[in-house]
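Chemist: Next come a sequence and a model predicted from it.
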Amino acid sequence: MLMLSHLHIVCRLMRYLLIIMSLVLCLACQEDPLPARNFDGEVLVGLLHSRTGTLSISENTVAEAELLAIGEINRAGGLMIDGKRLRIVPVEEDGESDSLTFAQKAEKLIDVNKVEVIFGGWTSSSRKAMLPVIESREHLLFYPLQYEGEECSDFVFYAGATPNQQAGPAIDWLLQNRGDRFFLVGSDYIYPHTVNRIISRQVLQAGGTIVGEHYVPLGDQNLTETLHEIKMALPDGGIIINTINGDSNVAFFQEASALGVTAENNYTVMSFSVSEEEVKAIGAHYLEGSLATWNFFQAIETPASESFTRNFKEMHGVHRVTNDPAEAAYTMVHLWARAVVRAGSTSPDRVREKLIGTTFDAPHGRVEVAKNHHLRKRVYIGEVQSDGQFSVVFDAGVVEPRTWSQLLPANKGYRCDWTQSRSDAARFYSEEQDVHH
């Protein structure tokens, strides 16, 4: 444990150094090649992510991907509205890995800085904290991360996966390929609890077994007891669904390796919040052979993917990696910009009207904003390799987003559709059948 503690301290020091380096780089690269005199005006946009605290291990990459997208749009001439060229100017705030801080900073960005949109959040707790601020002002929030669903706001656009675009395909594949005994471990907040309720229903309906369920506080670094509990419940190996978030994953995978909870001993770890960024911070040798389900992996070989990763590295450092949350964040900035041009305005209400149906050729493939303010996305399962990258082992194809999971009895038949002129458009019963979970 002493060695683990030392490793964690080193990881924290390295992350803080990388944060400082990236902030310096960002200040430099926000200077657009086109001088201000070539623009007719400016548009302020808010970037609100955790640059410090337990979640900064994951959120820094998201903010940096948004800066990349903003730089690309500005270099292409900015936003063209009524014959005028407008430069996008990011206003950054630090959510500090604290939900209350996210709410306070969202208020500041809207009321003081007068931004036209906020790109922000990571945990569902941070999104839920910002939601009253956004809705009371009828503003606009773009949220980049996969989440538990069970929400459909007229003022939020969700760029990450719903459970049926991540957990659903993952559980189906695991049941067919790895077994039917599952242990659920996650951080103690909204997303893990809710998505594990959905997963439990899916596993039980398929005849599988949930042998245990355990939650740890965000930022917890002592997971020895948790892993002993997993070994007792799955003495001969089995499937571990990991919804731990932030730097607790460092302790989880390093301790799992020390205790033999590894692929070599017939344990399959499927993570929903571990990407290339976390693998790099933890150490690939601790995760090799484990799995993750996302809508994007850096290793996907498409021209758009390779261009995205190359441009990201050029902006933020050749040692950096891209991942699904970064790709989603990058994509949502471009979707917003396209909707602005379609609306002929940066006003949140007019942009919101034009977002549904807006498309973008994202690094992982074409995405489209659906009627429930989520994205149609492709789903991949990847296996961690020795070089820290993922090898795709399954491609589920493009999956429609389902806000209200049909695996939960209370949701049966309910959906969200913001093209409907009805007061309950966020959640209403429909006879339409949907085969997706």
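Modeler: Alright, I've got the coordinates. Residues are numbered from 1 along each chain as shown.
Chemist: Residue 339 belongs to a strand?
Modeler: No: counting by DSSP: H, G, I helix; E, B strand; the rest coil, residue 339 is located in no strand; its state is helix.
Chemist: and it, how many neighbours?
Modeler: 24 (other Cβ atoms under 10 Å). Where you see a C-beta, it was placed from the backbone N, CA and C, and this is true even at glycine.
Chemist: List the contacts of it.
Modeler: Counting by Cβ atoms under 8 Å, 6 or more residues apart in numbering, residue 339 makes contact with 351, 354, 355, 358.
Chemist: Same check on residue 101?
Modeler: Per Cβ under 8 Å, 6+ apart, neighbours of residue 101: 94, 95.
Chemist: most surrounded residue in the contacts of residue 339?
Modeler: Highest neighbour count within these, by other Cβ under 10 Å: residue 351, with 24 neighbours.
Chemist: All the helices of the chain, residue numbers only.
Modeler: Remark: helices assigned in the chain by DSSP state H are 2-29, 56-75, 99-111, 124-136, 167-177, 190-205, 224-233, 248-258, 276-282, 284-287, 303-316, 324-343, 348-355.
Chemist: among those, which is nearest residue 405?
Modeler: helix 190-205 (4.9 Å; Cβ to Cβ).
Chemist: contacts for the closest one?
Modeler: Helix 190-205 is contacted by residues 123-125, 128, 147-150, 163, 167-168, 171-172, 175, 180, 182, 184, 186, 209-210, 213, 215, 241, 243-245, 272, 405, 407-408, 437 when judged by Cβ under 8 Å, 6+ apart.
Chemist: which residue packs closest to residue 222, ignoring adjacent ones?
Modeler: Computed as Cβ to Cβ, 6 or more residues apart in numbering, the closest residue to residue 222 that is not its neighbour in sequence is residue 251, at 6.9 Å.
Chemist: and that neighbour, how many residues sit next to it?
Modeler: Considering only other Cβ under 10 Å, residue 251 is surrounded by 26 other residues.
Chemist: next one: residue 215
Modeler: Neighbours of residue 215 using other Cβ under 10 Å come to 17.
Chemist: got the contact list for it?
Modeler: For residue 215, the contact set (Cβ under 8 Å, 6+ apart) comprises 185, 186, 187, 188, 192, 193.
Chemist: ok, now with 7 Å
Modeler: Each residue near residue 215 by Cβ atoms under 7 Å, 6 or more residues apart in numbering is listed here: 186, 187, 188, 192.
Chemist: Quick check: the gap between the residue lying closest to the second one once chain neighbours are set aside and residue 105.
Modeler: Nearest-residue entry for residue 187: residue 245, 4.6 Å, with adjacent residues in sequence omitted and distances by Cβ to Cβ, 6+ apart. Computed with Cβ to Cβ, to the nearest Å, the distance linking residue 245 and residue 105 is 20 Å.
Chemist: Looking at these two, which is more packed in?
Modeler: The residue with more neighbours, out of residue 245 and residue 105, is residue 245; 30 against 26, by other Cβ under 10 Å.
Chemist: My read is that the more buried one contacts residue 123, right?
Modeler: Yes: assessed by Cβ atoms under 7 Å, residue 245 is found in contact with residue 123 at 6.4 Å.
Chemist: overlap in contacts of these two?
Modeler: Overlap of the contact sets of residue 245 and residue 123 (by Cβ under 7 Å, 6+ apart) consists of residue 55.
Chemist: shaky segments in the stretch 301-437 of the chain?
Modeler: Applying pLDDT under 70 to the stretch 301-437 of the chain flags the ranges 432-437.
Chemist: One more pass at 80, please.
Modeler: Within the stretch 301-437 of the chain, the ranges that satisfy pLDDT under 80 run 431-437.
Chemist: for residue 108, what are its contacts?
Modeler: Residue 108 sits next to residue 93 when contact means Cβ under 7 Å, 6+ apart.
Chemist: Now do the residue nearest to residue 338 when sequence neighbours are not counted against residue 70, distance only.
Modeler: If the residues on either side of it in the chain are set aside, residue 338 comes closest to residue 358, at 5.2 Å by Cβ to Cβ, 6+ apart. The gap separating residue 358 from residue 70 is 17 Å, by Cβ to Cβ.
Chemist: ditto for residue 254
Modeler: When distance is defined by Cβ to Cβ, residue 254 is 36 Å away from residue 70.
Chemist: How about residue 417?
Modeler: For residue 417, the distance to residue 70 equals 31 Å [Cβ to Cβ].
Chemist: With residue 137 instead?
Modeler: Distance from residue 137 to residue 70, counting by Cβ to Cβ: 22 Å.
Chemist: swap in residue 407?
Modeler: Distance, residue 407 to residue 70, by Cβ to Cβ: 38 Å.
Chemist: which of those two has more neighbours?
Modeler: Neighbour count, other Cβ under 10 Å: between residue 407 and residue 70, residue 70 has more, with 25 against 22.
Chemist: give me the number of residues near the residue lying closest to that one once chain neighbours are set aside?
Modeler: Using Cβ to Cβ, 6+ apart and skipping residues adjacent in sequence, the residue nearest residue 70 is residue 88, 4.9 Å away. If you count neighbours by other Cβ under 10 Å, residue 88 ends up with 24.
Chemist: Make sure residue 88 is actually in contact with residue 75.
Modeler: No: the pair residue 88 / residue 75 is not scored as a contact, 10.8 Å apart, by Cβ under 7 Å.
Chemist: Mark which of the contacts of residue 215 are buried, thanks.
Modeler: The neighbour-count test (16 or more other Cβ atoms under 10 Å) marks 186, 187, 192 as buried among the contacts of residue 215.
Chemist: Now render these as JSON lines, adding distance to residue 158 and pLDDT.
Modeler: What follows is those, written out as JSON lines (distance: Cβ to Cβ, whole Å; pLDDT from 0 to 100):
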{"residue": "186", "distance to residue 158": "20", "pLDDT": "98"}
{"residue": "187", "distance to residue 158": "20", "pLDDT": "97"}
{"residue": "192", "distance to residue 158": "18", "pLDDT": "97"}
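Chemist: between those residues, which is closest to residue 265?
Modeler: Nearest to residue 265 among the buried ones among the contacts of residue 215, with distances taken as Cβ to Cβ, is residue 186, at 21.8 Å.
Chemist: I'd like the distance between the closest residue to the closest one other than its chain neighbours and residue 286.
Modeler: Nearest residue to residue 186, sequence neighbours excluded (Cβ to Cβ, 6+ apart): residue 192, at 2.8 Å. Per Cβ to Cβ, residue 192 is found 21 Å from residue 286.
Chemist: Ok, residue 310 next?
Modeler: Residue 310 is 28 Å from residue 286, by Cβ to Cβ.
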